[in-house]
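K.L.:
Have a look at this prediction, sequence included:
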Amino acid sequence: MTVTDTTVLEAVASKGDGAGRAAVPAELIDELMAKVKTNGIELLGDGGLIAQFAKRILERALDEELTEELGYERGDPAGRGSGNSRNGTTPKTVLTEVGAVDLDVPRDRNGVFEPTIVPKGVTRLKAFNENVIALYAQGMSTRDIRKTQTLHTSGG
């Protein structure tokens, strides 16, 4: 870990939502950075802190989408006999700005749940595609783009 990594992460956390509130509380960043220092966790690359954070946030958002679709919270007795319920997860790898993220996408028993944050059949998040298109439009070859993405996802 370098000082720059810490500074960038803290700057992002303190930027907030435009209303003076931090999107990620400084205390959480402090706690995470302490774990990075003491446990030797990498910030970038496969299994790095940022990829783990992306995984947890995306999975939480997917779970919230399913909760909204079903109309009841996980474990709520109101779901019993409702005609549809949670039915485990399906593994899925999506490419993001922080690299490949392995997700456990929740599913419902009736198979009607269509997530919007990571739609079925999508393996790249929208912003990832936009970045690739922008690089291609700037004259980078697809080979150079692939090499650049490999360097970014491997932490090198």
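P.N.:
Structure received.
K.L.:
can you map out the helices along the protein?
P.N.:
3-15, 26-39, 49-70, 126-137, 142-153 (DSSP state H).
K.L.:
These: lowest mean pLDDT?
P.N.:
Out of these, helix 3-15 stands lowest, with a mean of 46 (criterion: mean pLDDT).
K.L.:
Got the domain ranges for the chain?
P.N.:
Structural domains of the chain, as assigned by automatic domain parsing, span the residue ranges 1-41, 46-153.
K.L.:
Would you mind finding the most buried of the ones you listed?
P.N.:
domain 46-153 (a mean of 14; mean count of other Cβ atoms under 10 Å). Backbone N, C-alpha and C define where each C-beta goes, glycine included.
K.L.:
Just list the residues touching residue 93, thanks.
P.N.:
The contact partners of residue 93, by Cβ atoms under 8 Å, 6 or more residues apart in numbering, come to 100-103, 123.
K.L.:
Could you tell me how far it is located from residue 37?
P.N.:
29 Å (Cβ to Cβ, to the nearest Å).
K.L.:
go on, residue 114?
P.N.:
Distance, residue 114 to residue 37, using Cβ to Cβ: 42 Å.
K.L.:
Could you double-check that residue 61 lies in contact with residue 117?
P.N.:
Yes. Here residue 61 reaches residue 117: they are 4.8 Å apart, a contact under Cβ atoms under 8 Å.
K.L.:
residues making contact with stretch 114-128?
P.N.:
Contact with stretch 114-128 is made by 58, 61-62, 65-66, 92-97, 103, 105, 132, as judged by Cβ under 8 Å, 6+ apart.
K.L.:
what about 7 Å?
P.N.:
In this structure, residues lying in contact with stretch 114-128 by Cβ atoms under 7 Å, 6 or more residues apart in numbering are 58, 61-62, 65, 93-97, 103, 105.
K.L.:
Widest-spaced pair of those residues?
P.N.:
In terms of Cβ to Cβ, those reach their longest pairwise distance at 65 and 97, which sit 20.9 Å apart.
K.L.:
how close does the residue lying closest to residue 42 once chain neighbours are set aside get to residue 76?
P.N.:
Among residues not flanking residue 42 along the chain, residue 48 sits closest, at 4.2 Å (Cβ to Cβ, 6 or more residues apart in numbering). When distance is defined by Cβ to Cβ, residue 48 is 35 Å away from residue 76.
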